[in-house]
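> Make a model of this:
(one chain, ligands or ions: 1)
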Amino acid sequence: MSGHTEMTLVNEDGVRIDGRTADQHRPVHIEAGVLSNADGSAYLEIGKNKVLAAVYGPRECHPRHLQDPTKAIIQCKYNMQSFSVSDRKRPGPDRRSIEISKIIAEALERVVLTELYPRASIDVYIEILQANAGTRCAGLTAAAVALADAGIPMRDLVPSIAVGKADGHVLLDLNKEEDNYGEADVPVGIMPSTDEIVLLQMDGDMTREEFDTAIDMAFEACHELCDIQKAALKKRYDTGAVREGSE
Ligand code: ADP
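Take a look at the predicted model:
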C-alpha cells in the first residue's frame, strides 16, 4: 500500500489493468465437496486466487484445555503455500497467517450454531494454492461453503470480498497490483440475510464518502457471491457427486 505509483492502475475510461470496471469482481468459481476424507470441503477461484477449504468436526477438542463447556470452538488454520506466490513464501505460520486465521474464525463463529456442540472443536483448514490479493476473503468464502457441506448447522453463509482505492478510484475486489500500489484495501464479510458485517478491516485510508461507496459495492458483490456459494452447494447435493467417488 504505497499510496503512490508510476503505474497507471485505472485509465481515463475507468478501465482497470485486467479490463474490469470499478465495480466488477473477478470471475468466481466454487465447487463443494472436493475432498472425500474431510467432513466438508470447498474449492474456490476468484481471478488468479485458488483456495481449498477443509472442515472437520464437530469433534473432540484438542488441546483439551481449549474446550468450552457452553459451546464448540472454531479453530482455523489459514496457510499460504510456498508455491502460491512467485517469490517463494517461507513455509509455516507467520504473524500474517495467525492474524488471518483469527479473523476468519471470529467471522465464522457468528454464523455457526456452536452452542449445539459444547466442548467440541470445529476445525477449518484453508490452504492458499495461488495468491493474487484478496485471499483472506476467498478463504472465508470457501470455508463457509465447506462448513455447510459438512452439514454443520449455520444461521447463514458468509460471502466475503475486498474493496479499496487505487489511482483515486474506489474499486471492487483489488488484484495484486491494485493492492500493492493502491491507496486502500478493505476486506468485508457479511451475513447476507441480515446484512450484518462479520469481517471488516482496513489498510490505507479513504474519505468517509469513498468508504460508503466502497461498502455499498462490497455488499452488492457479497450478495452475488452468496448466490454462487448456494449454487455450488445445490450442485453438490443435486448430483450427490464427490469428485473422488463415493467410496
Ligand atoms: P490478502 O491476500 O487477504 O489480500 P494481504 O493484503 O496481506 O492479504 O496480501 C495481498 C497479497 O500479497 C496476497 O494475496 C499475496 O498475493 C501477496 N502476499 C502476501 N504475503 C506474501 C508473502 N509472504 N510473499 C509473497 N507474496 C505475498
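
> does the ligand sit close to the longest helix anywhere in the chain?
Looking across the chain with DSSP state H, the single longest helix is helix 208-239. No. Applying Cβ under 6 Å from any ligand atom, one finds helix 208-239 separated from the ligand by no less than 13.8 Å. Where you see a C-beta, it was placed from the backbone N, CA and C, and this is true even at glycine.

> Can you tell me which helices and strands that helix packs against?
strand 28-32, helix 135-149, strand 160-166, strand 169-172, strand 184-191 (3 or more Cβ pairs under 8 Å, 6 or more residues apart in numbering; DSSP states H and E).

> Is there proximity between the longest one and the ligand?
Looking back up the chat, that one is helix 135-149. Yes. Using Cβ under 6 Å from any ligand atom, we find that helix 135-149 touches the ligand at 135-136.

> Write out the residues of the chain neighbouring the ligand.
Proximity of the chain to the ligand is confined to 85, 87, 89, 96, 131-136, 176, 179, 185 under the rule Cβ under 6 Å from any ligand atom.

> Next up, the contacts around the nearest residue to Arg119 once chain neighbours are set aside.
Closest residue in space to Arg119, ignoring its immediate chain neighbours: Gln67 at 4.5 Å, by Cβ to Cβ, 6 or more residues apart in numbering. Gln67 is in contact with 61, 73, 119, 121, counting by Cβ atoms under 8 Å, 6 or more residues apart in numbering.

> Gln67 and the ligand: what is the separation?
30 Å (Cβ to the nearest ligand atom, to the nearest Å).

> Likewise for Glu196?
In this view, Glu196 and the ligand are 21 Å apart by Cβ to the nearest ligand atom.

> So for the residue nearest to that residue when sequence neighbours are not counted, what's the pLDDT?
Excluding the flanking residues, the one nearest Glu196 by Cβ to Cβ, 6+ apart is Ile190, at 6.5 Å. At Ile190, the model reports a pLDDT of 98.

> Ile190: neighbour count?
28 (other Cβ atoms under 10 Å).

> same deal with Asp205?
12.

> close enough to count as contact, it and Ala184?
Yes. In this structure, Asp205 is within contact of Ala184 by Cβ atoms under 8 Å, at 5.8 Å.

> quick one: pLDDT of Ser246?
At Ser246, pLDDT is 47.

> picking that back up, make a markdown table from the helices and strands packed on helix 208-239 and add distance to Leu225 to it.
Output for those, formatted as a markdown table (distance: least, Cβ to Cβ, whole Å):
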| stretch | distance to Leu225 |
| --- | --- |
| strand 28-32 | 7 |
| helix 135-149 | 6 |
| strand 160-166 | 6 |
| strand 169-172 | 11 |
| strand 184-191 | 9 |
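
> Just grab the bridge partners of the closest residue to Leu233 other than its chain neighbours for me.
Nearest residue to Leu233, sequence neighbours excluded (Cβ to Cβ, 6+ apart): Ala32, at 5.1 Å. Beta-bridge pairing for Ala32 (DSSP bridges): Ala42.

> give me every residue that touches Ala32.
By Cβ under 8 Å, 6+ apart, Ala32 lies in contact with 40-42, 145-146, 148-149, 232-233, 235-236.

> Appreciated, that's everything.
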